[in-house]
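Q: Generate a structure from the sequence data that follows.
(one chain, ligands or ions: 1)
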Amino acid sequence: MMAYSLDSSFVFTLVFAAVLVLGLLVKFYLASRQIRHVALHRGQVPAAFAATISLEAHQKAADYTISKARFGMLETAFGTVLLLGWTLLGGIDALNQLLINSELAGYGSLAPQLALLAAFGLISGLLELPFTLYSTFRIEERFGFNKMTFRLWLVDLLKSTLVGIVIGLPIVALILWLMGSAGSLWWLWAWGAWMGFNLLVLLLYPTVIAPLFNKFQPLEDEALKARVTALMQRCGFAAKGLFVMDGSKRTAHANAYFTGFGAAKRVVFYDTLLKQLSPGEVDAVLAHELGHFKHKHIIKRIVSMFAMSLAGFALLGWLSSQAWFYTGLGVRPNLAGANDALALLLFMLVVPLFSFFVSPLLAQFSRKHEFEADAYAVAQTDGKDLQSALLKLYQDNANTLTPDPVFVKFYYSHPPASERLGRLTSLSPNPESAAA
Ligand SMILES: [Zn+2]
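A: As a prediction, this is how the structure comes out:
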């Protein structure tokens, strides 16, 4: 089915290079805007927060934000060089030629293809390690957030690699097999398999995967338990359990989440959250999470993920049969054998370059959902509690109060503090008397 065309191959190389450069420029522009904006406002706490946030905390948040943005620029630059190395400079092609000419080829077409994906994963994982290490043990450490020992970090790395192999390898093998044997509509079958796999992981995550990394203990504080249970009943939820997770063994950042489906539903509080917030504030944070469920945000997210991956698989189905897709990215397709792993790999490398440009749209939806969940929390609990909880969380996580507005549009999944708290102030301050 493959027809060689040097022209389309060359055009695709140009498009790839243009999108790569454009994306790089936009990312650098955004990061430098953020750094400039935060540095400019570092000297003074914004008026709306002058009574609640100290100058010291404000400056810590500014320095943390700037460090992360600078480091992000370095990562982006490195990622671009790496991507060029894998594609146009011949990295994937060399690896692929090595494997299809090796003894592995004697075990059928699946073995060298799986080996290609595994080798790629291993090499890029190793190349990214210094960045994870620096981020955890330099940046997070310097601002007092990192609680991990090097040993725990290493154990985590080994465990997550093992989990990745145990659950990732079978699904990748299944998809490669479908690509090779399910005919021209393989992408529809592969999409079905991928969706089934995702649902399975969602289902197993709270009870099987997460406990490999953290301890989950039933919430023991009886007063808080009664309070939280009452809130959930009021909102029409029945959770299988309320748990406290030892998040403090890795980080000082605090969080809470509501997870699982059907009977596996559970509420998880980080121990760091319970330490920082009053019972009323914990209630407000949980009500916010319940708001995401009430407004069907979780289901909407899952359905849009289904739709986007269907489009993705259909596109991959078409691209994988075009020779220019391979040659345009510096890879010689195997004319006699299977190119399924190559197609998958190139697709996963190239798609983020294009999808980056729709990220403002996705971030916008996400911020809208946060506002809706906040409004729900205010209707169910005391709005003052949500305000003070958010203020504590913004401060304890060293989130800057003065992000660059354009940077926010691209990257912020949650509204910045000023907008979010401003919106809360405008909502009814005492909803219980209003409801009564
Ligand atoms: Zn939320």
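
Q: What's the separation between residue 185 and the ion?
A: 38 Å (C-beta to the ion, to the nearest Å). Every residue, glycine included, has its C-beta placed from N, CA and C.

Q: Count residues in the vicinity of that residue, would you?
A: 11 (other C-beta atoms under 10 Å).

Q: Equivalent analysis for residue 160, please.
A: Using other C-beta under 10 Å, residue 160 has 13 neighbouring residues.

Q: next one: phi and psi at the closest residue to it other than its chain neighbours?
A: Distance criterion C-beta to C-beta, 6 or more residues apart in numbering; nearest residue to residue 160, sequence neighbours excluded, is residue 213 at 7.8 Å. Note on residue 213: its backbone torsions stand at phi -110, psi -20 [degrees, to the nearest 10].

Q: Need the per-residue pLDDT for residue 213.
A: You'll see residue 213 listed with a pLDDT of 95.

Q: going forward can the numbers begin at 29, since that is how I track them
A: With 29 as the first residue, the last one maps to residue 241.

Q: Surely it touches residue 184?
A: Yes. Contact criterion C-beta atoms under 8 Å: residue 241 and residue 184 qualify, at 6.7 Å.

Q: OK, contacts around the residue nearest to residue 188?
A: 184, 187, 188 (C-beta atoms under 8 Å, 6 or more residues apart in numbering).

Q: so the last one is in which element?
A: Going back to what we said before, that points to residue 188. Assigning secondary structure by DSSP states H and E places residue 188 in helix 178-209.

Q: and after that helix, which helix or strand comes next?
A: helix 214-232.

Q: That next one versus helix 178-209: what angle between them?
A: Helix 214-232 runs at 150 degrees relative to helix 178-209, counting by axes from the mean of the first three to the mean of the last three C-alpha atoms, to 10 degrees.

Q: who's in contact with helix 214-232?
A: Contact with helix 214-232 is made by 195, 199, 202-203, 206-208, 210, 237, 288-289, 292, 330, 333-334, 337-338, 341-342, 344-345, as judged by C-beta under 8 Å, 6+ apart.

Q: Do me a favour and get the end-to-end distance for stretch 260-269?
A: With C-alpha to C-alpha, to the nearest Å applied, stretch 260-269 spans 11 Å between its terminal residues.

Q: Give me the neighbour count for the closest residue to residue 362 other than its chain neighbours.
A: Once flanking residues are discounted, residue 362 sits nearest to residue 128: 5.8 Å by C-beta to C-beta, 6+ apart. By other C-beta under 10 Å, 20 other residues sit near residue 128.

Q: got a list of what residue 128 touches?
A: Residue 128 neighbours (C-beta under 8 Å, 6+ apart): 140, 362, 365.
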